[in-house]
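Any chance you can model this:
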Amino acid sequence: MPTHHEIEKALAVLAGGRIAQVGVGAVQTARREAAAFRSLSAAAQARTAGATALRGGKFIGRQAITKNPYGIAALLAYEGYIHRDAIADVAEQLFSVMGEAVDFYEGETGQLPVISSRRKVSKANKAVKHGMSLLKAGTKASTGADKGELPRGAFLTSVKAAGLANPNTPSRIKGKGRIKNLARKLKRWW
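Alright, predicted model coming up:
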């Protein structure tokens, strides 16, 4: 996880728009650190290299954890275990607020309002469904299929008839045929 100081630096870069300045500053800092490193003794260079490797290892480990879904899951589990008491307090507060909301909505009836998650079926879709039932109930002479069976192309026939029967369209039903006959029946139903 980035430190507070790193986050502040990144925000300052983004907010100030000083990306080029930061790049130049990073190069200058790297040059100063390289010169300081060369001026150290061999033992001090070994210690510094070890500390730098440790910092680099932390950075690579942090990147591996935050870029990998399994690493993120492990990190969240670890953090959840560490902060389990705080999480339990928040959950308790949420449940108490939800309990107050339930008490408010129950009101005088003592029951929660039923909220349907299903979409409302349009009148046109109901007309198509009614047309399909009319085709299934029709005789062989009127639909072309035995009673209780749907004729071939029944859905297309029902959709076209529902479109003709829709009072919100400028279409008029003229002529003969199975579609027109079904459309007249749906027009009376509509």
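
and A165, how many neighbours?
Residues within reach of A165, counting by other CB atoms under 10 Å, total 24. In short, each C-beta sits where N, CA and C put it, glycine included.

And it, how close does it get to L150?
Shown here: A165 relative to L150, a distance of 19 Å by CB to CB, to the nearest Å.

just L164 next, same as before
19 Å.

pLDDT value on the closest residue to L182 other than its chain neighbours, please?
In space, and not counting its chain neighbours, L182 is closest to A161: 3.9 Å by CB to CB, 6 or more residues apart in numbering. Listed pLDDT for A161 reads 92.

and if you look at the one 5 residues further on?
N166 carries a pLDDT value of 89.

Angles on the backbone of the residue lying farthest from the centre of the chain, please.
Distance to the chain centre peaks in the chain at S41, reaching 57.7 Å (criterion: CA atoms, centre = their mean). Dihedral pair for S41: phi -70, psi 170, per degrees, to the nearest 10.

Now do the contacts for it.
By CB atoms under 8 Å, 6 or more residues apart in numbering, the contact set of S41 is empty.

May I have stretch 128-146 as CSV, with CA atoms only?
The C-alpha trace of stretch 128-146 is given here as CSV (Å, rounded to 0.1, in the frame of the first residue of the first chain):
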residue,chain,number,x,y,z
VAL,A,128,-49.1,-11.0,-28.6
LYS,A,129,-49.6,-13.5,-25.7
HIS,A,130,-53.4,-13.3,-26.2
GLY,A,131,-53.0,-13.8,-29.9
MET,A,132,-50.9,-16.9,-29.3
SER,A,133,-53.7,-18.3,-27.0
LEU,A,134,-56.3,-17.5,-29.7
LEU,A,135,-54.2,-19.4,-32.3
LYS,A,136,-53.8,-22.4,-30.0
ALA,A,137,-57.5,-22.5,-29.2
GLY,A,138,-58.6,-22.1,-32.9
THR,A,139,-59.8,-24.8,-35.2
LYS,A,140,-57.9,-26.3,-38.1
ALA,A,141,-60.0,-24.4,-40.6
SER,A,142,-59.2,-21.0,-39.0
THR,A,143,-55.6,-21.4,-38.0
GLY,A,144,-54.2,-24.3,-40.0
ALA,A,145,-53.4,-26.5,-37.0
ASP,A,146,-55.3,-28.9,-34.8
